[in-house]
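**Q** Task: produce atomic coordinates for the following.
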Amino acid sequence: MRVLQLIDSLDAGGAERVAVNIANVLASKIETSFLCTTRKEGLLKNSLSSNVEYLFLNKKGIIDLKAIKKLNTFVKQKKIQIIHAHSSSFFLATIIKLLNRNISIIWHDHYGNSEFLKNRKFGFLKFCSKYFSHVFSVNKTLEAWSKEKLEIKNVSYLPNFAVINKTSVATTLKGESGKRIICLANLRPQKDHITLLEAFNEVLKNYSDWTLHCVGKNFNDDYFEAIRTKTEELNLIDSVFIYGSKPDIFNILKQCDIGVLSSKSEGLPIALLEYGLAKLPVIATKVGECETVITNNYDGVLVNATKREDLSKALSSLVENKELRETYAKRYEKNIQENYSDKIQLQTILVIYRNFIK
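**A** Okay, here's the model as predicted:
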């Protein structure tokens with residue numbers, strides 16, 4: 001079996017991590033595992049296994065004939081059988097399918113605003129979906145949406161999985177050891193860092209020595225400016241630290257004591273799974289598949305999205321109770337290892353692949 005993961009970039013986002021993780025775990029399970037990034041490289045390139053064959057297209061526009069020819073040649077020479085296209089790379093995959101009828105396309109829907117699907121434009125996607133053999137969706141809402149809107153029968157929910165990344169980089173976090181809260185999320189509006197900042201500000205009134213650490217890509221846009229402004233307004237300069245993208249996620253998480261996600265919308269966030277692998281107690285909002293992953297008040301805490309007071313109370317409950325943190329962390333790690341490991345999801349992926357080998 002010869003399978004290509006197709007992704008637009010290797011920035012440290014959720015879809016990109018999934019593409020790299022799948023390519024890496026497949027490398028020892030199939031004949032050859034490939035990964036192609038179309039538009040740009042990024043931090044995750046260093047996470048790619050040396051056993052994965054890699055191609056960078058440096059695609060310049062929607063239709064880049066040079067990039068199309070380069071990928072088409074690669075697919076033919078390497079005798080690739082399946083293109084596993086992630087997010088918006090479905091268009092390029094469709095073009096390659098039209099040039100190679102024996103190729104099967106598996107499309108992986110990572111749409112991050114699944115709470116706001118009524119705003120999703122999908123006319124062009126629906127046209128291309130006629131050439132998809134199967135669709136993986138990162139949550140059940142997206143699974144239902146593909147069946148209804150794209151009218152595709154072969155659709156399944158595929159939970160994300162996380163792996164421990166290994167890198168020589170070693171970021172050192174600021175703040176006091178034993179009193180750090182981590183939010184691992186790119187700086188996008190749906191991640192709702194603003195509510196998190198407001199909630200954390202309430203926590204500081206009683207626990208002033210705790211710190212909040214935000215790790216994720218900074219797009220230097222209006223949303224980042226809003227985060228910076230809110231941090232200044234609340235006088236959090238000495239308590240909130242923003243690091244941007246980092247390659248050494250596991251090293252960073254091991255320096256922290258609570259993992260939090262304050263999102264308005266999610267699929268199944270890989271950060272939530274990585275918190276478990278790092279043995280952190282977790283707090284998340286009731287969006288996407290977070291409620292499926294976390295059992296509220298058993299192995300973590302779930303709160304309503306955009307509710308500052310609820311999030312503040314949840315944070316305070318874990319900050320003030322180390323024993324509770326340890327109990328939740330132990331249970332949550334067991335949950336992630338048993339239900340969201342690469343081994344379990346790989347079995348599902350391989351079954352689907354085998355159905356569409358031509």
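**Q** how far does the helix or strand hosting Arg39 sit from the chain's center?
**A** With elements delineated by DSSP states H and E, Arg39 resides in strand 32-40, which encompasses its position. Relative to the chain's own centre, strand 32-40 is displaced by 17 Å; criterion: CA atoms, centre = their mean, to the nearest Å.
**Q** Quick one: end-to-end length of stretch 334-346, please.
**A** By CA to CA, to the nearest Å, the extent of stretch 334-346 from end to end equals 19 Å.
**Q** tell me the mean pLDDT for it?
**A** Per-region confidence: stretch 334-346 scores 89 on mean pLDDT.
**Q** Stretch 2-9 too?
**A** Mean predicted lDDT for stretch 2-9 stands at 98.
**Q** what does that stretch contact?
**A** Here stretch 2-9 makes contact (CB atoms under 8 Å, 6 or more residues apart in numbering) with 15-16, 19-20, 22-23, 26, 30-42, 75, 78-89, 92-93, 353. C-betas here are computed from N, CA, C, even on glycine.
**Q** before we move on, what about stretch 33-40?
**A** 2-11, 19-20, 23-24, 26-27, 45, 48, 51-59, 67, 71, 74, 78, 80, 89, 92.
**Q** Which residue ranges of this protein form helices?
**A** With DSSP state H applied, the chain shows helices at 14-26, 65-78, 90-99, 123-128, 140-145, 193-204, 222-233, 249-253, 270-277, 290-293, 308-319, 322-339, 342-355, listed in chain order.
**Q** Quick one: mean pLDDT over the shortest one.
**A** Meaning helix 290-293. If you average the per-residue pLDDT over helix 290-293, you get 93.
**Q** Can you list the buried residues in it?
**A** Of the residues in helix 290-293, those scored as buried under the neighbour-count criterion (16 or more other CB atoms under 10 Å) are 290, 293.
**Q** Which other helices and strands does it contact?
**A** When contacts are defined as 3 or more CB pairs under 8 Å, 6 or more residues apart in numbering; DSSP states H and E, helix 290-293 sits against helix 270-277.
**Q** Over to the second one?
**A** Contacts of helix 65-78 with other secondary structure elements, assessed using 3+ CB pairs under 8 Å, 6+ apart, are made with strand 2-9, strand 32-40, strand 53-56, helix 90-99.
**Q** Name the residues that touch that helix?
**A** For helix 65-78, the surrounding residues in contact (CB under 8 Å, 6+ apart) are 2, 4, 32, 34, 36, 38, 53, 55, 57-60, 80, 83, 92, 95-96, 99-100, 103.
**Q** Throw together a ChimeraX command that grabs the buried residues out of the residues you listed.
**A** To isolate in ChimeraX the members of the contacts of helix 65-78 that are buried, counting by 16+ other CB under 10 Å, one can use:
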select :2,4,32,34,36,38,53,55,57,59,80,83,92,95,96,103
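**Q** how near is Leu311 to Asn296?
**A** To Asn296, Leu311 is 14 Å away according to CB to CB, to the nearest Å.
**Q** I'd like the helices of the chain laid out as CSV, including distance to Ser263.
**A** What follows is the helices of the chain, written out as CSV (distance: least, CB to CB, whole Å):
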stretch, distance to Ser263
helix 14-26, 11
helix 65-78, 33
helix 90-99, 24
helix 123-128, 23
helix 140-145, 14
helix 193-204, 9
helix 222-233, 13
helix 249-253, 18
helix 270-277, 10
helix 290-293, 8
helix 308-319, 11
helix 322-339, 18
helix 342-355, 22
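**Q** Which one of those helices lies nearest to Tyr243?
**A** helix 249-253 (8.0 Å; CB to CB).
**Q** Give the buried residues for that closest one.
**A** Residues of helix 249-253 classed as buried under the neighbour-count rule (16+ other CB under 10 Å) are 249, 251-253.
**Q** pLDDT below threshold where in the stretch 151-300 of the chain?
**A** Within the stretch 151-300 of the chain, the set of residues satisfying pLDDT under 70 is empty.
**Q** Please identify the nearest residue in space to Gly14, excluding sequence neighbours.
**A** With CB to CB, 6 or more residues apart in numbering as the criterion, Gly14 has its nearest non-adjacent residue at 5.2 Å, and that residue is Ile270.
**Q** brain fart, His110
**A** Once chain neighbours are set aside, the closest to His110 by CB to CB, 6+ apart is Ala15, at 3.9 Å.
**Q** can you count the residues close to that neighbour?
**A** Burial measure for Ala15: 24 neighbouring residues, criterion other CB atoms under 10 Å.
**Q** Touching, it and Trp107? I think so.
**A** No. With the criterion set as CB atoms under 8 Å, Ala15 and Trp107 do not qualify as a contacting pair; they are 11.7 Å apart.
**Q** Break the protein down into its structural domains.
**A** The chain resolves into domains spanning 2-161+341-355, 180-339 when parsed by automatic domain parsing.
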